[in-house]
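Undergrad: What shape does this take:
(chains A and B)
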Amino acid sequence: MPVISIDKDLEALTLTLTAEYAADTKQVWELWANPRKLERWWGPPTYPCTFLEHDLSVGGEMLYKMVGDEKGDEHFGRWRILAVDAPNLIEIQDVFANDDGSPNHDLPSTKFEVRITELDGGRTRMQTISFFPSLEAMEQMIEMGMVEGIEAAAGQIDAILAEG
Amino acid sequence: MRHVRLTYNQMVVDKTRAVDLDDEEVDRLFHALADRTRRDILAQAMTGDHSVSALARRYPFSFAAVQKHVAVLEKAGLVTKRRHGREQRVVTNMNAIERARTLLDHFERLWVERLERFEAVLAEDDGGPDA
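TA: The predicted structure is shown next:
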């Protein structure tokens, strides 16, 4: 269980997770900077993910696609990179995208920050902070079916962890 | 569905504390929650407003049967029906803080799993967790 703490601010609508990994900051950064690695963990296993665009620089954009392995339903997401400081910080605006990859401004978008800090003993702390615009936006995102995919994937993750 | 169940407990506790329910009200609350369909309707209402007819389409029961389930939840003080144009929407009686907690729980789960997969990918690149 890499996650060591979870903090929810019920008024500001922020969610902060802190995880620690037995790896150095460069290895942790690589999982964001390398699209072939990023796509292996970003989406649930039942929705294989591919990054079609990947530009990790300030003002850069990323586009990813997730395809349901049962129904073949496709979901697109677009990231706008607000800030980068390798290998310690990324700020991302995460928006739903249409099938042609264009951002879908009818659906809510969220911002999240990633903070990576070196610890003693070759370990690294990674903190992710999500900022939600409103309760209604969160409800809409859940209704979009995000959570269903996750529920279905949960069993598979336990299996992967058990193998490890 | 684990987190949804926890939320029910929380709601029951919060309601009991906040309103000082009498025995009869507690009976109604537990009766309302003792049915799987009603628990599912409540879970649906927690993640957004649904009309009674939209809810009815989810289940293999008649519109009238689903309406009855909603009425039981309403009597127990768990949901309210709100008119929205021509349809009746079912909304939970949770306050904003309870709603925020329930909604953030969904995203918490998403991130916990993501960060666990992150570890698995890190470990593989390292030649496995034992390397």
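Undergrad: Helix, strand or coil: sort out the residue located most distally from the centre of chain A for me.
TA: Relative to the centre of chain A, the most outlying C-alpha is that of A:G121, 26.5 Å out, by Cα atoms, centre = their mean. Here A:G121 is recorded as helix under DSSP: H, G, I helix; E, B strand; the rest coil.
Undergrad: One more: A:I129?
TA: Classified using three-state DSSP, A:I129 is strand.
Undergrad: Tell me how far it lies from A:E113.
TA: Counting by Cβ to Cβ, to the nearest Å, the separation of A:I129 from A:E113 is 5 Å. C-betas here are computed from N, CA, C, even on glycine.
Undergrad: now swap in A:E61 and tell me
TA: With distances taken as Cβ to Cβ, A:E61 is found 17 Å from A:E113.
Undergrad: Next: B:T92.
TA: The value you get for B:T92 to A:E113, if Cβ to Cβ is used, is 31 Å.
Undergrad: How much space separates the most centrally placed residue in chain A from chain B?
TA: What sits nearest the mean C-alpha location of chain A, by Cα atoms, centre = their mean, is A:W42, with 5.2 Å. As for A:W42, its distance to chain B is 7 Å (criterion: Cβ to the nearest Cβ, to the nearest Å).
Undergrad: So which bits of stretch B:68-84 are buried?
TA: B:H69, B:V70, B:V72, B:L73, B:A76, B:G77, B:L78, B:V79, B:K81 (16 or more other Cβ atoms under 10 Å in any protein chain shown).
Undergrad: so how far is it from its chain's centroid?
TA: A distance of 14 Å separates the centroid of the chain from that of stretch B:68-84, by Cα atoms, centre = their mean, to the nearest Å.
Undergrad: any low-confidence regions in the chain?
TA: In the absence of a named chain, chain A is used. A:145-164 (pLDDT under 70).
Undergrad: ah, no, chain B please
TA: B:1-20, B:125-131.
Undergrad: interface residues of it facing chain A?
TA: Within chain B, the residues that sit near chain A (Cβ under 8 Å from any Cβ of the partner chain) are B:1, B:47-48, B:96-97, B:99-101, B:103-104, B:106-123, B:125-126, B:129.
Undergrad: Give me the buried subset of these.
TA: The buried subset of the residues of chain B next to chain A - by 16+ other Cβ under 10 Å - is B:47-48, B:99-100, B:103-104, B:106-123, B:125.
Undergrad: How far does the helix or strand hosting B:E124 sit from its chain's centre?
TA: Following DSSP states H and E, one finds B:E124 within helix B:96-125. Helix B:96-125 sits 18 Å away from the centroid of its parent chain (Cα atoms, centre = their mean).
Undergrad: now stretch B:55-63
TA: 18 Å.
Undergrad: buried ones in that stretch?
TA: The neighbour-count check on stretch B:55-63 (16+ other Cβ under 10 Å) flags B:L55, B:A56 as buried.
Undergrad: Could you export that stretch as PDB, CA atoms only?
TA: Only the C-alpha atoms of stretch B:55-63 are listed here, as PDB (Å, rounded to 0.1, in the frame of the first residue of the first chain):
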ATOM      1  CA  LEU B  55     -34.900   5.400 -11.700                       C
ATOM      2  CA  ALA B  56     -37.700   3.100 -12.800                       C
ATOM      3  CA  ARG B  57     -35.900   2.300 -16.000                       C
ATOM      4  CA  ARG B  58     -33.000   0.900 -14.000                       C
ATOM      5  CA  TYR B  59     -35.100  -1.900 -12.300                       C
ATOM      6  CA  PRO B  60     -37.200  -4.700 -13.600                       C
ATOM      7  CA  PHE B  61     -40.200  -3.300 -11.600                       C
ATOM      8  CA  SER B  62     -43.100  -1.200 -12.600                       C
ATOM      9  CA  PHE B  63     -43.000   2.600 -12.300                       C
END
